[in-house]
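# Got a sequence here, can you build the structure:
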Amino acid sequence: MDQNNKFVIRSNGTIDINQVLTTNKNEKKKAARKRWAILAKALKSPTGSEPSSPTDEFSVRRISSFMLLTTQLLENIHLYPTAHGAAEQIRKRTWYKYSMKIDDAEYFVNVGHRIRTFSAEDLMGFNNTGNICIWPSEETLTYYIGANLHIVDGKSVLELGGGMSCLAGLMCAKYGAAKQVTVTDGNKISVENVQISLYNNEFACPVACNVLKWEECLVDQKFDVVFCADCLFFDDGRIHLIKCLWDVMSYDSLALVMAPRRGNTLEKFIMQAEEKGFMCKQMLKYNNVVWEKHLDLLDNCEADYWKSQERKYCDFCKCWIADNKPSIEFHEKGRRHKENVSKRIKSIHKKSKRDEKETVRIDSALQQMESAALEAYRRDMASNADITSMTMNAVKTGKDLWHEVRSQGGTVSYKNVLTNEVVWKPPPEGYITVNEQKLASFETTKKQIKLVQKHQQLQGRLRWEELKREEEEERARAAREKLKARRAEDLPTPVYAPLLPTGPSTPYGAWQTVKTQEVKEIDWQLPQQEEFLLPVVSEPEPEPAPREFKERVVESLGSGSTSFKKRKTFGIAQRSTRQRLDDD
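Modelled structure (predicted):
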């Protein structure tokens, strides 16, 4: 595995191989035929897949192995006590011993390979890459875990996408001091094969094997250490892998992710993981042994090893490609790239047309502005020119300098209008007679009158325009006043009270201070007037006459017998009246 591979620690990791394969056309055809041979072998072989084969050099793996693990075919399988229930399934598999030496210590696990061909259901079902071979990323991750077993001491471990072997998880469970180890894969066939491998190994801690699909991650338990190898090649699966990692990890968990840098799959994974909230770190040189093998592969010119190269960004397709001639040619010959280039050319052509139209429009507008400015200047010069400049006389020469002058006495003289010189003889260059002077004065006066009239008309028009503008402003002001009258009153400026610390929440909400509003009592009693009762004058009642009472004493009834007189009763009283029966 390329030591330039990225190994991300602390909630993300990767080992990356940035590979470039350059072959001519004949070599490409040869490689294609070899790949078809690999497929035919996988479909027809009833004896299971071997760890490596001669055709592996033409597979998608640019190296079949880093030779970190030693593979040995096991002829006789020793059944462990826990494996008697799965003895039949164990015999149906070809068993290999995967071992490695680190610091003179040997670590190994037994892995079974299924003896069966692939069905159409297997090929078209869930991701079946884990049932094909032991990938270099899994090999390198296993070696790294074996060299750093202290990472899992006393911790719960989870392996994602372990494939048919889950080598890293089994090696960790067998030789590490982990609290528990759980190995998973999304393929049911791979999980069944790993379950059989568990029966044929002894482990130092509890080991569980389950089917776990990343998009359906329903694991309630949180794990301390999570690792996976070569699980970033599918674009659709990266988001589900990141979500699964987020669900199974706690805030102090550690994730180790190894994968080759296929295109920009590694960069996309790291970017999406950091967006999710993980803290990612990339390690280039993480193990001296792997680094030396990486350098040996780089120095060996015959090795079909993809070296790390710079990337190139395609501005047309908005994607990154490998910065080498075969990759660039392959990308530029693709239909998508050609369509994007055609779209870019069309957009540039449309943009140039729009720019040309905009330039023509701007030039036309500038010409119109220039013509309007010249026309306005011409009108101003014609209507509002300076009067003094129009009436300025040209320099007079020759005949125009001498004017004829006649006095009241009839004397004729000649005056130079420039020097005020007066002579009595006619000047030789000629002179202007009195009649010619009167005619010229009349024409000049006439022109001045027209100029003054024109100036007055211009002033009147300007005054009229000013009055009209003032009238329009007055109407606009009145309209604004009406709008102000209709406009609703502005809301009062809110007054923000200082923020107070909120107390603990209660089911009934926070306590609020209620202010008692004083309500004025209304007297509903009608107005009353005091009544003055006048005493009524009446005749006093006469005093009652005194009465006299006489006392009569009966001492005896005589000699007769004491008896009661019998009375007759009627109605209801007849039944309830007591009657004496004798005189006693």
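
# and the closest residue in space to residue 400 that isn't next to it in sequence, how many neighbours does it have?
The shortest distance from residue 400 to any residue other than its chain neighbours is 6.8 Å, reached at residue 432 (C-beta to C-beta, 6 or more residues apart in numbering). To be clear about C-beta, it is placed using only N, CA and C from the backbone, and glycine gets the same treatment. Residues within reach of residue 432, counting by other C-beta atoms under 10 Å, total 18.

# Please name the bridge partners of residue 432.
With DSSP bridges applied, residue 432 shows beta-bridge pairing to residue 403.

# Was I right to think it contacts residue 405?
No: using C-beta atoms under 8 Å, residue 432 makes no contact with residue 405, being 10.6 Å away.

# still on that earlier bit, run through the residues that contact the residue nearest to residue 400.
By C-beta atoms under 8 Å, 6 or more residues apart in numbering, residue 432 lies in contact with 399-400, 402-404, 440.

# 10 Å instead?
Residue 432 makes contact with 396, 399-404, 414, 417, 439-440 under the criterion C-beta atoms under 10 Å, 6 or more residues apart in numbering.

# Please produce a markdown table containing those, extended by neighbour count.
Conversion of the contacts of residue 432 to a markdown table gives the following (neighbours: other C-beta atoms under 10 Å):
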| residue | neighbour count |
| --- | --- |
| 396 | 13 |
| 399 | 13 |
| 400 | 17 |
| 401 | 20 |
| 402 | 22 |
| 403 | 18 |
| 404 | 16 |
| 414 | 18 |
| 417 | 13 |
| 439 | 12 |
| 440 | 13 |
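
# With distance to residue 142 and pLDDT added, can I get these in CSV?
Formatted as CSV, the contacts of residue 432 follow (distance: C-beta to C-beta, whole Å; pLDDT from 0 to 100):
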residue, distance to residue 142, pLDDT
396, 120, 62
399, 126, 74
400, 123, 77
401, 125, 80
402, 130, 83
403, 129, 82
404, 134, 85
414, 134, 84
417, 125, 81
439, 128, 84
440, 124, 83
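
# Of those residues, which belong to strands?
402-404, 414 (DSSP state E).

# Can you tell me which of the residues you listed is nearest residue 541?
Using C-beta to C-beta, residue 403 comes nearest to residue 541 of the ones in strands among the contacts of residue 432, at 150.4 Å.

# Check whether the closest one really touches residue 414, as I assumed.
Yes: the pair residue 403 / residue 414 is scored as a contact, 7.2 Å apart, by C-beta atoms under 10 Å.

# Which neighbours do those two have in common?
431-432.

# Can you give me the neighbour number for residue 222?
By other C-beta under 10 Å, neighbour count at residue 222 equals 15.

# hmm, I was thinking of residue 374
10.

# quick check, it in a helix?
Yes: assessed with DSSP: H, G, I helix; E, B strand; the rest coil, residue 374 lies in a helix.

# residues in contact with it?
Listed by C-beta under 10 Å, 6+ apart, the contact set of residue 374 is empty.

# Look up how far residue 478 lies from residue 441.
Using C-beta to C-beta, to the nearest Å, we find residue 441 at a distance of 55 Å from residue 478.

# what's the answer for residue 362, then?
Counting by C-beta to C-beta - residue 362 and residue 478 are separated by 41 Å.

# ok, now residue 297?
92 Å.

# between those two, who's got more neighbours?
The neighbour count for residue 297 versus residue 478, taken as other C-beta under 10 Å, is higher for residue 297 (20 against 10).

# Mind pulling up the pLDDT for the more buried one?
Per-residue pLDDT puts residue 297 at 75.

# likewise the one 4 residues further on?
pLDDT for residue 301: 48.

# same check, this time on residue 324
pLDDT, residue 324: 76.

# for residue 310, same thing?
For residue 310, the predicted pLDDT is 64.

# Which single helix of this structure contains the most residues?
When the chain is parsed with DSSP state H, its longest helix is helix 434-486.

# which helices and strands does that helix pack with?
The contact analysis (3 or more C-beta pairs under 10 Å, 6 or more residues apart in numbering; DSSP states H and E) places helix 434-486 against helix 335-383, helix 387-391, strand 402-406.

# one more time with 6 Å, if that's ok
strand 402-406 (3 or more C-beta pairs under 6 Å, 6 or more residues apart in numbering; DSSP states H and E).

# Also compute the angle for the strand it packs on relative to helix 434-486, please.
Put simply, strand 402-406 runs at 110 degrees to helix 434-486, going by axes from the mean of the first three to the mean of the last three C-alpha atoms, to 10 degrees.

# so what's residue 424 up against?
residue 413 (C-beta atoms under 6 Å, 6 or more residues apart in numbering).

# The chain should start at 121 in everything you say after this.
Shifting the count to begin at 121 puts that one at residue 544.

# For it, give its distance to residue 526.
From residue 544 across to residue 526, the span is 12 Å (C-beta to C-beta).

# Over to residue 195?
Applying C-beta to C-beta to residue 195 and residue 526 gives a distance of 159 Å.

# neighbour count winner among the two?
Set residue 195 next to residue 526 and count neighbours by other C-beta under 10 Å: residue 526 wins out with 11 against 6.

# who's in contact with that one?
Per C-beta under 6 Å, 6+ apart, neighbours of residue 526: 532, 554.

# what's the pLDDT at it?
For residue 526, the model assigns a pLDDT of 83.

# just to revisit the earlier point, with distance to residue 492 as new columns, can the ones in strands among the contacts of residue 552 be given to me in CSV?
Below are the ones in strands among the contacts of residue 552 laid out as CSV (distance: C-beta to C-beta, whole Å):
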residue, distance to residue 492
522, 50
523, 48
524, 53
534, 54
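
# so which of those residues comes closest to residue 336?
Using C-beta to C-beta, residue 523 comes nearest to residue 336 of the ones in strands among the contacts of residue 552, at 122.1 Å.

# residues in contact with the closest one?
535, 537, 552, 557.

# at 8 Å what do you get?
534-535, 537, 551-552, 557.

# Could you do residue 642 as well?
Here residue 642 is in contact with no residues (criterion: C-beta under 8 Å, 6+ apart).
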